[in-house]
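Undergrad: what's the 3D shape of this:
(one chain, ligands or ions: 1)
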Amino acid sequence: MKNFVTESRILSRTEISLAGRNYAEFEIAGDITFEPGQYLMLRTNTCKHAWPCPYPLIRKTEHGASVLADTRQDLYQCWEGDTIQYWGPRGTSPAEKDSLPVLAAEPAAYFLLYPFLTAGLCRKLLIFDTDGNAFEPDDQISAMRFLNIPCSEQEKISGEFSVECFPDLIQTAKAALKEPGRVILALNPKNAEAFAEHTPDGQKDSVFLYISNKKACGIDSCKGCYLHDRDGGMGINVCCKGPFMPLSMIDFEKDGKSLEEFISAK
Ligand code: FES
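TA: Take a look at the predicted model:
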């Protein structure tokens, strides 16, 4: 992991739609190698406070790597050729080398799981959608378009990889928890807490939730991202050990208030 600041620039900007929300994919110049789930801390020149933000890394490119920005973030206002500063990749990937995870998300947070799909790291994708976008399992073509599933993954759709949409959270949790191996989650705080309540204690080590709290430095320096440590320690630095953390490490009563909602970026 690189902690030093790299001066860089945007090589390209592409608008994309993921689960009905608008984002932009930015190719950033640099020597950037990463695992799905890691992120770049990135500062733009358009931010008047010069505060950096974490941006999920989604793919390696010939001259760097690309990150995703939603419409509310500073980077979204930038264009090809603009200069930026970054440090990272930061964080720890929750994916295992020899086993594909189940991914589960609601549409507003689906973009956080997109990097796992672009890397081919998904056995099953479960979407919890009360927006009326539910699709039947046999309507996989519209599902793939809605979710912008990469071509390489579409070919596997009739094999082990599958997409399912559920109208409520409990059904989503049941479907995810009956699968062997890791589950990787991106949900709004209330839904994440409900999912955790339906997860048996024995499975909480293998269900990883994206922790949507503020990250200011990204290098374990400001203590702004810390969760309470159940063992009474100094706290858990989400910017380094996360941002995907096992449910067994999260205390929703103590830390739930610091989690931010993923508001629709439509
Ligand atoms: S963001 Fe500063 S310690 Fe984690």
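Undergrad: how about the lengthiest strand in the chain: buried residues?
TA: The longest strand of the chain (DSSP state E) is strand 6-18. Across strand 6-18, burial judged by 16 or more other CB atoms under 10 Å covers 6, 8, 10-13, 18. C-beta: built from backbone N, CA, C; applies to glycine.
Undergrad: for the stretch 1-150 of the chain, what spans make up the helices?
TA: 114-118, 140-147 (DSSP state H, counting those that start in this stretch).
Undergrad: highest average neighbour count across those helices?
TA: Highest mean neighbour count of the helices of the stretch 1-150 of the chain: helix 114-118, a mean of 23 (counted as mean count of other CB atoms under 10 Å).
Undergrad: Send over that helix as CSV, restricted to the C-alpha atoms.
TA: Extracted C-alpha coordinates of helix 114-118, given in CSV (Å, rounded to 0.1, in the frame of the first residue of the first chain):
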residue,chain,number,x,y,z
TYR,A,114,-19.4,-3.8,-9.0
PRO,A,115,-15.6,-4.2,-8.7
PHE,A,116,-16.1,-7.8,-7.6
LEU,A,117,-18.1,-8.5,-10.8
THR,A,118,-15.6,-6.8,-13.1
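Undergrad: For the protein, which residues are neighbours of the ligand?
TA: Residues of the chain lying close to the ligand by CB under 6 Å from any ligand atom are 215-218, 220-225, 237, 239.
Undergrad: Can you list the low-confidence ranges for the stretch 1-150 of the chain?
TA: 1-3, 47-50, 132-138 (pLDDT under 70).
Undergrad: quick one: the strands in it?
TA: 6-18, 21-29, 39-44, 53-61, 64-70, 83-90, 102-105, 124-128 (DSSP state E, counting those that start in this stretch).
Undergrad: The last one packs against which elements?
TA: With contacts taken as 3 or more CB pairs under 8 Å, 6 or more residues apart in numbering; DSSP states H and E, strand 124-128 sits against strand 102-105, strand 162-166, helix 169-177.
Undergrad: strands paired with it, and their directions?
TA: strand 102-105 (parallel), strand 162-166 (parallel) (DSSP bridges).
Undergrad: Generate TSV for the ones you listed, with mean neighbour count as supplementary columns.
TA: Below are these laid out as TSV (neighbours: other CB atoms under 10 Å):
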stretch	mean neighbour count
strand 102-105	26
strand 162-166	20
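Undergrad: Can you list the residue ranges for helices in the stretch 151-266 of the chain?
TA: Assigned by DSSP H, counting those that start in this stretch, the helices in the stretch 151-266 of the chain fall at 151-154, 169-177, 189-197, 238-241, 252-255.
Undergrad: any idea which of those helices is most buried?
TA: helix 238-241 (a mean of 22).
Undergrad: For that helix, which outside residues touch it?
TA: 54, 90-92, 211, 213, 215, 217-220, 225-227, 245 (CB atoms under 8 Å, 6 or more residues apart in numbering).
Undergrad: now stretch 139-148
TA: 16-20, 110, 114, 117, 125, 127, 133, 135, 149, 154, 157, 163, 165.
Undergrad: returning to what we had before: mind listing which of the residues of the chain next to the ligand are in strands?
TA: Using DSSP E, those in strands are N237.
Undergrad: Can you flag the buried ones in the residues of the chain next to the ligand?
TA: For these, buried by 16+ other CB under 10 Å: 215-218, 225, 237, 239.
Undergrad: The residue of the chain most remote from its centre and the ligand, how far apart?
TA: Most distant residue from the mean C-alpha position of the chain: G232, 28.1 Å away (CA atoms, centre = their mean). Noted for G232: a distance of 19 Å to the ligand, by CB to the nearest ligand atom, to the nearest Å.
Undergrad: Over to E15?
TA: Taking CB to the nearest ligand atom, one finds E15 at 29 Å from the ligand.
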